[in-house]
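Participant: Requesting a structural model of the entry that follows:
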Amino acid sequence: MNHLLMKAIYSIMYFGSPNWDSGQTPPEIMEQIENNEPGRALDLGCGTGTHVITLAKHDWEAIGVDYVGKAIRKAKLKAKAANVSPTFYTQDVTRLDNIEGQFDLILDVGCYHTVGPRKRKAYRDNLQRLLKKNGVFLSFAFRNGEEQKLMGLTEKDIGELSDILELVSRRDGVLGAKQPITWLTYRKS
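Facilitator: Sure, this is the predicted structure:
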């Protein structure tokens, strides 16, 4: 599926409430917040900003990026209602030229596994550039075992992330009855 068609599909889904937009910050992210001093955080594929807002409420300097303008507009409204002021950008996560400085924490809850195979290197290059030394990259992804599928991470994808960052923990599970998932925690050495 091409990039413009994917963007159009995601944009249409945000006219309602997409099934992935639960409005709840997962315990894996809360664990990072509770066990670390506030710092600078970036949420790649932030959707309507739930995790960015949670980080901002816990005194993190939080930035969210999503390529769906409707999602970012909703995120800004939610942040204003929550009385916090994170920064949001409508932008492709493989093109983050306007994001400067480095981050203590980079989140990805369901974004990298949707990035097409040809663009994943650009995504990883951004991780290397934007993550501070000893910074944490926390990622939730669907997994698949077939190289030809567009959505989902393969073991090769996880290995390519491990080539640039140190894998600290991996929690595999199943969503629903069949969908393999994983939470990956990496640290930049």
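Participant: where do the helices sit along the protein?
Facilitator: Shown for the chain, the helices assigned by DSSP state H span residues 3-13, 27-35, 50-57, 69-81, 120-130, 155-164.
Participant: closest one to residue 95 among the ones you listed?
Facilitator: helix 120-130 (7.2 Å; Cβ to Cβ). (Each C-beta comes from the backbone N, C-alpha and C, glycine too.)
Participant: For the spatially most central residue of the chain, give me the pLDDT.
Facilitator: For the chain, the residue sitting closest to the mean C-alpha position, by Cα atoms, centre = their mean, is residue 108 at 1.8 Å. The model reports residue 108 with a pLDDT of 96.
Participant: again with residue 12
Facilitator: In this prediction, residue 12 carries a pLDDT score of 47.
Participant: And residue 115, by the same measure?
Facilitator: Model confidence at residue 115, given as pLDDT, is 88.
Participant: State the distance from it to residue 104.
Facilitator: 23 Å (Cβ to Cβ, to the nearest Å).
Participant: out of those two, which sits in the more crowded spot?
Facilitator: More crowded of residue 115 and residue 104, by other Cβ atoms under 10 Å: residue 115, with 25 against 19.
Participant: follow-up on the earlier one: can you redo the helices of the chain as TSV with mean neighbour count?
Facilitator: Output for those, formatted as TSV (neighbours: other Cβ atoms under 10 Å):
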stretch	mean neighbour count
helix 3-13	13
helix 27-35	14
helix 50-57	24
helix 69-81	17
helix 120-130	16
helix 155-164	14
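Participant: one step back: could you measure from the residue nearest to the centre of the chain over to residue 138?
Facilitator: Noted for residue 108: a distance of 7 Å to residue 138, by Cβ to Cβ.
Participant: and if you look at residue 110?
Facilitator: According to Cβ to Cβ, residue 110 stands 12 Å off from residue 138.
Participant: Compare these two (neighbour count), which wins?
Facilitator: residue 138 (23 against 17).
Participant: Now for that one: which residues touch it?
Facilitator: Residue 138 makes contact with 28-29, 32, 105-108, 183-186, according to Cβ atoms under 8 Å, 6 or more residues apart in numbering.
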